[in-house]
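**Q** Predicted structure and sequence below. I'll ask about it afterward.
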Amino acid sequence: MFVSILIFIVVYALLIMEKMNKAVAAILGAMIYLLFHFIPFEKAVEHIDMNVIFLLIGMMMIVKITEGSGVFEYIAIKSAKLVNANPVAFLAVLFVITAFFSGMLDNVTTVLLISPIVLLLATQMEIGALPFVITVILASNIGGTATLIGDPPNIMIGSAAGLNFMDFLLNLAPAILIISAVNMGILILIFRKGLVVTELNKRRIMAMDEKRMISNPVLMRKSLIVIAAVIAGFLLNGLLGTEPSVIALAGAFFLVLWTKEDLEEILKKIEWDTILFFIGLFIMVGVLQYTGVIDKLAKLMTDMTKGDLRKTSTVLLFGSGILSGILDNIPLVATFIPVVKIIGTTTSAHAIQPIWWSLALGSCLGGNGTLVGASANVIMFGFARKNNIPLSFKGYLAYGIPMTLLTLVLSYVYISFRYY
């Protein structure tokens with residue numbers, strides 16, 4: 001057990017120090033576990049969440065095909081003109097849009113759709129894209145926390161606790177509205193001095209005809225129809241009983257067939273280093289689960305509370321919040337769900353609900369702590385690297401850790417006042 005923890009810490013240190021490509025570090029760590037039989041190969045493969053992997057591949061394909069139509073350039077220019085080319089105002093709008101769509105779709109799909117717009121708008125304004133990238137990361141995880149379908153941990157919690165879409169919306173959305181307002185205000189204060197556009201660039205942007213950005217109207221229409229169908233599929237996936245990954249891949253390959261795009265060229269544009277990083281990370285966290293490390297952490301946390309529901313809620317909120325910044329929150333939540341269920345056997349379904357909300361808030365919001373804390377973060381990290389945006393693992397911590405701690409404190413206040 002000690003050696004498995006040590007290997008994980010070494011890989012994590014390599015990610016922080018950025019001594020090698022993130023995918024290389026994660027895959028090497030996973031292969032060391034497999035080479036020295038820390039986990040059987042069959043068990044390791046079981047820990048790879050193929051729903052996440054296929055969802056990423058499907059949505060990346062759709063986005064790459066859609067880019068060729070010029071629609072993202074259109075949206076970027078139109079957005080800039082709506083706020084009179086004011087980058088501070090756009091940052092606020094970007095936060096709201098990202099948070100809203102992360103809750104209505106999911107945060108992974110949202111960042112894949114929004115990231116091209118962020119880069120294009122920053123380029124047109126001739127300012128650094130980093131403030132917008134940080135905003136998208138934080139807003140996607142915050143917004144995704146508000147609903148049943150916004151973040152995978154919520155789907156798992158809803159299924160385990162028998163909670164529906166409206167339960168999440170009524171109990172978590174008020175907290176997320178408060179947290180969003182506070183975080184958006186802080187981001188504006190932090191970045192406002194660097195978000196300056198010259199009058200010349202303002203006039204140039206306002207004089208642009210966004211309609212001329214559409215280079216292929218037929219491709220745009222076909223792409224938007226498929227995106228709308230995929231989004232509808234996500235919203236109805238509970239009724240359809242179909243995994244989001246299946247919907248995304250079906251949409252992607254239908255779009256390839258409909259538009260007659262070259263599949264080989266599209267596949268070349270997929271960010272395979274991000275996909276491989278996820279595979280390595282899933283295996284590494286799976287080893288910690290297989291060897292009992294995560295179980296021991298869960299038991300340690302619950303032993304601290306000695307059955308007191310309010311203390312359990314607090315420990316679970318901060319414990320899952322801190323650990324979600326280090327570990328992937330999907331296996332982490334999978335480990336904590338049985339613990340909460342055991343606690344639930346000694347109390348009523350109503351009394352146990354605040355514990356579920358604490359787990360949801362902690363695991364989802366805690367993902368903002370680091371660039372590997374949530375799927376959306378990893379995607380934006382890869383996007384930044386590919387487009388030479390100066391986002392580093394260590395540099396992000398200066399934003400991620402304080403903002404995460406603040407959101408956890410706000411969540412604690414909300415849970416305390418509303419339920420205790």
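**A** Looks like it arrived, so ask away.
**Q** show me where the stretch 1-150 of the chain has strands.
**A** Secondary structure of the stretch 1-150 of the chain, counting by DSSP state E, counting those that start in this stretch: no strands present.
**Q** Which residue ranges of it form helices?
**A** 2-17, 22-35, 41-46, 50-67, 71-82, 87-104, 107-125, 130-144 (DSSP state H, counting those that start in this stretch).
**Q** Could you dump those into TSV with mean neighbour count, mean pLDDT and distance to Ile379 added?
**A** Yep, even glycine has a C-beta here, placed from its N, CA and C like the rest. Formatted as TSV, those follow (neighbours: other C-beta atoms under 10 Å; pLDDT from 0 to 100; distance: least, C-beta to C-beta, whole Å):
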stretch	mean neighbour count	mean pLDDT	distance to Ile379
helix 2-17	16	84	15
helix 22-35	19	92	12
helix 41-46	14	92	23
helix 50-67	21	86	7
helix 71-82	20	82	16
helix 87-104	21	89	12
helix 107-125	23	84	5
helix 130-144	28	95	9
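**Q** now those helices as TSV including distance to Phe253?
**A** Below are the helices of the stretch 1-150 of the chain laid out as TSV (distance: least, C-beta to C-beta, whole Å):
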stretch	distance to Phe253
helix 2-17	33
helix 22-35	25
helix 41-46	24
helix 50-67	8
helix 71-82	20
helix 87-104	24
helix 107-125	17
helix 130-144	26
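**Q** Report back the residue of the chain that's furthest from centre.
**A** Leu200 (36.1 Å; C-alpha atoms, centre = their mean).
**Q** Of all the helices of the stretch 1-150 of the chain, which one comes closest to Phe168?
**A** helix 87-104 (9.3 Å; C-beta to C-beta).
**Q** between that closest one and helix 130-144, how many degrees?
**A** Between the axes of helix 87-104 and helix 130-144, defined by axes from the mean of the first three to the mean of the last three C-alpha atoms, to 10 degrees, the angle is 30 degrees.
**Q** The closest residue to Lys78 other than its chain neighbours: how many residues sit nearby?
**A** Using C-beta to C-beta, 6 or more residues apart in numbering and skipping the chain neighbours, the partner closest in space to Lys78 is Glu210 (4.7 Å). Each residue near Glu210 was counted by other C-beta atoms under 10 Å, and the total is 17.
**Q** Quick one: list the elements packing against the one helix or strand the residue farthest from the centre of the chain maps to.
**A** Taking DSSP states H and E as the criterion, the element that holds Leu200 is helix 199-206. With contacts taken as 3 or more C-beta pairs under 8 Å, 6 or more residues apart in numbering; DSSP states H and E, helix 199-206 sits against helix 71-82, helix 107-125.
**Q** For Met206, which of the ones you listed is the nearest?
**A** Per C-beta to C-beta, nearest to Met206 of the helices and strands packed on helix 199-206: helix 71-82, 5.9 Å.
**Q** Give me the contact list for that closest one.
**A** For helix 71-82, contacts defined as C-beta atoms under 8 Å, 6 or more residues apart in numbering pick out 66, 90, 93, 116-117, 120-121, 124-125, 205-206, 208, 210-211, 213-214, 220, 223-224.
**Q** The spatially most central residue of the chain in helix, strand or coil?
**A** In the chain, the residue lying closest to the centroid (C-alpha atoms, centre = their mean) is Ala376, at 2.8 Å. With DSSP: H, G, I helix; E, B strand; the rest coil as the basis, Ala376 sits in helix.
**Q** Give me the pLDDT value at it.
**A** Looking at Ala376, its pLDDT is 86.
**Q** Confirm for me that it is in contact with Gly143.
**A** No. The criterion here is C-beta atoms under 8 Å, and Ala376 misses it with Gly143 at 10.0 Å.
**Q** burial of Ile279, as a residue count?
**A** Number of residues near Ile279 (other C-beta under 10 Å) recorded here: 21.
**Q** Can you give me the distance of it to Phe54?
**A** 12 Å (C-beta to C-beta, to the nearest Å).
**Q** again, but for Ile117
**A** Distance, Ile117 to Phe54, using C-beta to C-beta: 24 Å.
**Q** May I see the buried residues of stretch 212-223?
**A** Met213, Leu219, Met220, Lys222, Ser223 (16 or more other C-beta atoms under 10 Å).
**Q** hang on, isn't the third one packed against Glu67?
**A** No. Using C-beta under 8 Å, Met220 and Glu67 do not qualify as a contacting pair, with a distance of 10.4 Å.
**Q** which residues touch Ala139?
**A** Neighbours of Ala139 in contact, by C-beta under 8 Å, 6+ apart: Leu94, Phe95, Val96, Thr98, Ala99, Ser102, Ser180, Asn183, Met184.
**Q** likewise Lys394?
**A** Ile16, Met17, Glu18.
**Q** how about CSV for those, with distance to Glu261 added?
**A** Compiled in CSV, the contacts of Lys394 are given as follows (distance: C-beta to C-beta, whole Å):
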residue, distance to Glu261
Ile16, 39
Met17, 39
Glu18, 34
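**Q** Go through those residues and say which is closest to Gly150.
**A** Distances from Gly150 to the contacts of Lys394, taken by C-beta to C-beta, are shortest for Ile16, at 28.0 Å.
**Q** Following the chain onward from the helix or strand bottoming out on mean pLDDT in the chain, which element is next?
**A** Lowest mean confidence among the helices and strands of the chain (mean pLDDT, DSSP states H and E): helix 237-240, at a mean of 69. On the C-terminal side of helix 237-240, the closest following helix or strand by DSSP H and E is helix 244-259.
**Q** And the next helix-or-strand element following that following helix, what's buried?
**A** Downstream of helix 244-259, the next assigned helix or strand under DSSP H and E is helix 263-268. With burial defined by 16+ other C-beta under 10 Å, the residues of helix 263-268 counted as buried are Ile266.
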